[in-house]
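A.B. asks: the following block contains a protein sequence and its predicted model.
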Amino acid sequence: MAQCLAELDGLFLALSDPTRRAVIQRLGRGPASVGELAGEATMTLPSFMKHVRMLESNGIIRTAKSGRVRTCVLNRERLAAVDDWLAEQQRVWTERTDRLEQFVTDSKEQQ
């Protein structure tokens with residue numbers, strides 16, 4: 001459980017930055033080189049590479065180098081962990097609000 005939460009923390013930390021979210025969004029359309037991705041960002045390549053390393057270290061993207069070109073690919077399965085967590089939170093909160101609604105309804109009927 002603690003490992004799972006630590007992994008989620010890393011995923012949410014990686015998703016918290018607009019530059020990294022833009023990279024993820026772009027890679028959702030297909031693989032791209034680091035150069036292509038960096039061209040869309042308003043920062044130096046070394047600064048941009050920190051974002052790539054953050055996404056890669058959390059398993060959100062994979063990179064492969066062929067010659068002088070490093071290509072990034074989105075790891076959609078990794079994002080499924082976020083989706084699963086959010087679905088579980090939605091289920092929990094739906095149950096809680098349903099119980100609250102039932103409590104309020106029962107209280108009104110008893111008056």
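C.D. replies: Noted; the coordinates are in hand. Residues are numbered from 1 along each chain as shown.
A.B. asks: could you list the buried residues of the strand or helix carrying T97?
C.D. replies: In this structure, T97 is located in helix 76-110 according to DSSP states H and E. Judged by neighbour count using 16 or more other C-beta atoms under 10 Å, the buried positions of helix 76-110 are R78, L79, W85. Heads up, the C-betas are built off the backbone N, CA and C, glycines and all.
A.B. asks: R21 reaches F12, doesn't it?
C.D. replies: No: using C-beta atoms under 8 Å, R21 makes no contact with F12, being 11.5 Å away.
A.B. asks: residues contacting A32?
C.D. replies: Counting by C-beta atoms under 8 Å, 6 or more residues apart in numbering, A32 makes contact with R26, T71, C72.
A.B. asks: ok so, going back, would a markdown table of the buried residues of helix 76-110 with pLDDT and distance to G67 be doable?
C.D. replies: Output for the buried residues of helix 76-110, formatted as a markdown table (pLDDT from 0 to 100; distance: C-beta to C-beta, whole Å):
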| residue | pLDDT | distance to G67 |
| --- | --- | --- |
| R78 | 92 | 27 |
| L79 | 91 | 29 |
| W85 | 89 | 38 |
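A.B. asks: could I get these in a markdown table, plus columns for distance to T42?
C.D. replies: Shown next, in a markdown table, are the buried residues of helix 76-110 (distance: C-beta to C-beta, whole Å):
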| residue | distance to T42 |
| --- | --- |
| R78 | 26 |
| L79 | 25 |
| W85 | 31 |
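A.B. asks: what's the weakest-modelled helix or strand in the chain?
C.D. replies: In the chain, no helix or strand scores lower on mean pLDDT, DSSP states H and E than helix 2-15, which sits at a mean of 86.
A.B. asks: what angle do helix 76-110 and that helix make with each other?
C.D. replies: 100 degrees (axes from the mean of the first three to the mean of the last three C-alpha atoms, to 10 degrees).
A.B. asks: from the chain's centroid, how far away is helix 2-15?
C.D. replies: Chain-centre distance of helix 2-15: 9 Å, with C-alpha atoms, centre = their mean, to the nearest Å.
A.B. asks: many thanks, I have nothing further to ask.
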